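Trainee: just to be clear, the model below is a prediction. Sequence and coordinates:
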Amino acid sequence: MKNVSLEHIRNIGIAAHIDAGKTTTTERILYYTGVSHKMGEVHEGTAVMDWMAQEQERGITITSAATTASWRDHRINIIDTPGHVDFKMEVERSLRVLDGAILVFCAVGGVEPQSETVWRQADRYKVPRIAFINKMDRVGADFYHVIEMMKDRLGANAVAVQMPLGAEADFEGMVDIVEMKTYLYDSDLLGAEYQVLDSIPEGREDDVAEMREALIDAASVFDDEMLEYYLENGEVTNDMLKRAVRKGTVSGDLNPVFCGTAFKNKGVQRLLDGVIDYLPSPLDVIPEVALDRRDKELNVTATSDFLSAFVFKIVADPFVGELVYVRVYSGTLKKGTQVFNADSGKVERISRLLSMHANKREDVGSIPSGNIGAIVGLKDVRTGATLCEKANPVRFETMDFPDPVISVAIEPKTRADEEKLAYSLQRLAKEDPSFKVHTDAETSQTIISGMGELHLEILVDRLRREFKVLANVGDPQVSYRETFKKALKHQIRYVKQTGGKGQYAHIELEIEPGEPGSGVNFESKITGAILPREYIKSVEKGLKLFAVNGQMGYPLVDVTVYLVGGSFHEVDSSEMTFKVATIQCLREAEQKSGVTLLEPYMFVEVTTPEQHTGDVLGHLQSRRAEVSGMDEANTPNLKVIKAFVPLSEMFGYATALRSLTQGRATYSMEFNSYRVIPESIMKKRFG
């Protein structure tokens, strides 16, 4: 990989709600930077970044794709992320390693549900971001309304650095508020050529002056020198303003807003300029925190003199085997050298290094600090691992992945597919940590679990196409949770005598249901030497084992268990006996208390034509929806209905909604929380 100075590197992600134009924007970036010589189109299935067959057929991004481009002598490493909520973990692990992001918003739809999810994810990883308001040529486009939505819904400090010239069919370009220049596009030239005028269009001088004033006010907070100059002179230089906007953006406290229409090839080059001018280089970001060999915190910067790289994605590639995507935070990864996996404790050799361009690849000799690339040849690695030097080990914090909310049973169609299925599922689970596979102890069925119907549908399709495995899939199953219905105290005296050494354990537990989301907690209230410490630990281990499948076969949640008493036998007691006694005690206690089942609730937003609002509301309520509100959509005669609905009631909803609204309504859905199943539903469903 060609060496580029750290200040000339940008690691960015492009993220948005589904259908905001994110992949189209990326395709235009690749065209204008010379990576592609022909513009790929999502609707034609020719987008470079949507290379999977499933993406091309559905016209959506499913997996994050990485590529590298050059602009103004800078290297831009780009990750195009999915917009569908079922694949939000793809966004999560991309943001974990990025220095900046472009959030794409539709000029008509504005801030949509997945926009909010992505924004919160970027907040969690403190990723600086700029915004691109796309589709300015569409009917109903409103640049200023979207900025207000960003402020209201996202809490963003959104400030325009461009003023659009026209909207809808009359959108022709923009005024750069920082440089005070006008950019006019000719639709017939694919956006490659455009006019740059040093003047402001006649009649728009006051609007531009007002927007520049607002930008100076917002940016002056981050640059005392500029503020002082402004107070003395009543104006600032363009360079001063650009420097202040950059400072605010890099700190994450300011969000410059650009505009354009990627599909009509307007505004993308200016967005690229914004990436260079305002988003941080690896030298500008806050240091990554790692643990050294003594588990002490260590700040890692791009100039640290030791090797550290984070594995954020693993892909099963049919041609080269396992591709391990890494972000190198310090030092240089070199082909043919050995690296220490701080996660597994093993040393492995790097046989090949690659620079990725979606599903195409280019062999490189090294991946320097601050860059993103892929490794071939690592055998024992997982997402979230740290690669470093054995003599100087460091370990980054790994990533948390949410529990799946939907499951289906899967079985091979033929005996010949049996072994292939197990191997293929293992490969997919390693590649996608939000996908889980397990065998049901009671039915011996293989159960696969994921983040939504589409997520599982795609994975099953990949089994068929990529791994050539034929399998039958059962109906979707919801991942329920269980907890204790009421607080109680219960004890057990576990005694078995079979000749020779017997088994003895006596424990007394107090059990209290907890707040939603509180998890499973254990606390010992035993004082003195009533029970040895190792037996107390065995009780906690027994609780964790019981919590995996609970009383009814579902994970136990939201409960606190106190160990308040017990006794042991010098000869007959053992750690295993106390573990078994704990499981039996909890089983009896849950029978005595009664089981409360919890089901996943989804936050659902339905955008529907006004004349169908009543039908959609009634239909949602028939699915046990709790309607939380209804707003006006940005487009006239459209309503946005917001509701919380049990996941079990959402199967087949897309088809039903199409029938109700003549195919004119759309909806989005994301996991919200677990809630108690009503008694009537419990009896009907579980007897």
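Mentor: Good, I have the coordinates.
Trainee: strands of the stretch 551-687 of the chain, start to end?
Mentor: 559-567, 595-609, 626-632, 638-646, 666-676 (DSSP state E, counting those that start in this stretch).
Trainee: for the residue lying closest to Tyr329 once chain neighbours are set aside, what are its contacts?
Mentor: Computed as Cβ to Cβ, 6 or more residues apart in numbering, the closest residue to Tyr329 that is not its neighbour in sequence is Ser308, at 4.7 Å. Heads up, the C-betas are built off the backbone N, CA and C, glycines and all. By Cβ atoms under 8 Å, 6 or more residues apart in numbering, the residues touching Ser308 are 288, 290, 300, 328-331, 386-388, 394, 396.
Trainee: give me the distance between Ser308 and Ser94.
Mentor: Counting by Cβ to Cβ, to the nearest Å, the separation of Ser308 from Ser94 is 19 Å.
Trainee: please name the nearest non-neighbouring residue to Leu279.
Mentor: Using Cβ to Cβ, 6+ apart and skipping the chain neighbours, the partner closest in space to Leu279 is Gly100 (3.4 Å).
Trainee: these two touch, right, the one you found and Ala15?
Mentor: No - using Cβ atoms under 8 Å, Gly100 makes no contact with Ala15, being 11.2 Å away.
Trainee: separation between Leu378 and Thr68?
Mentor: Counting by Cβ to Cβ, the gap from Leu378 to Thr68 is 21 Å.
Trainee: okay, now Leu283: neighbour count?
Mentor: Residues lying near Leu283 (other Cβ atoms under 10 Å) number 16.
Trainee: which non-adjacent residue is nearest it?
Mentor: Nearest one to Leu283, counting by Cβ to Cβ, 6+ apart, is Leu6 at 5.0 Å.
Trainee: distance from whichever strand or helix holds Leu103 to the middle of the chain?
Mentor: Using DSSP states H and E, Leu103 sits within strand 100-106. Centre-to-centre, strand 100-106 and its host chain are 14 Å apart (Cα atoms, centre = their mean, to the nearest Å).
Trainee: and the strands in the stretch 101-250 of the chain?
Mentor: Secondary structure of the stretch 101-250 of the chain (DSSP E, counting those that start in this stretch): strands located at 129-134, 158-160, 162-165, 173-176, 181-185, 194-197.
Trainee: among the ones you listed, which is nearest Glu540?
Mentor: The closest of the strands of the stretch 101-250 of the chain to Glu540 is strand 129-134. By Cβ to Cβ, the value is 42.4 Å.
Trainee: parallel or antiparallel, which strands does that closest one pair with?
Mentor: Paired neighbours of strand 129-134 in the sheet (DSSP bridges): strand 100-106 (parallel), strand 255-259 (parallel).
Trainee: got the contact list for the first one?
Mentor: Defining contact as Cβ under 8 Å, 6+ apart, one finds that strand 100-106 is touched by 10-17, 19-22, 25, 95, 111-112, 115, 118-119, 122, 127-135, 138, 146, 150, 271, 275, 279-280.
Trainee: helices - which of those residues land there?
Mentor: Of the positions in the contacts of strand 100-106, 22, 25, 95, 115, 118-119, 122, 146, 150, 271, 275 sit in helices, assigned by DSSP state H.
Trainee: max pairwise distance over the residues you listed: which two?
Mentor: Leu95 and Val146, at 21.6 Å, using Cβ to Cβ across these.
Trainee: follow-up on the earlier one: closest to Leu657 out of the strands paired with strand 129-134?
Mentor: With Cβ to Cβ, the closest approach to Leu657 among the strands paired with strand 129-134 belongs to strand 100-106: 20.1 Å.
Trainee: now that closest one - C-alpha only, CSV.
Mentor: The C-alpha coordinates for strand 100-106 follow below in CSV (Å, rounded to 0.1, in the frame of the first residue of the first chain):
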residue,chain,number,x,y,z
GLY,A,100,-15.6,10.2,10.5
ALA,A,101,-18.9,9.6,8.7
ILE,A,102,-21.2,11.1,6.1
LEU,A,103,-24.8,10.8,7.1
VAL,A,104,-27.1,10.9,4.0
PHE,A,105,-30.6,12.2,4.4
CYS,A,106,-33.4,12.2,1.8
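Trainee: which element is the residue lying closest to Thr560 once chain neighbours are set aside on?
Mentor: Leaving aside its chain neighbours, Thr560 sits nearest to Asn521 (4.4 Å; criterion: Cβ to Cβ, 6+ apart). Assigned by DSSP H and E, Asn521 falls within strand 520-524.
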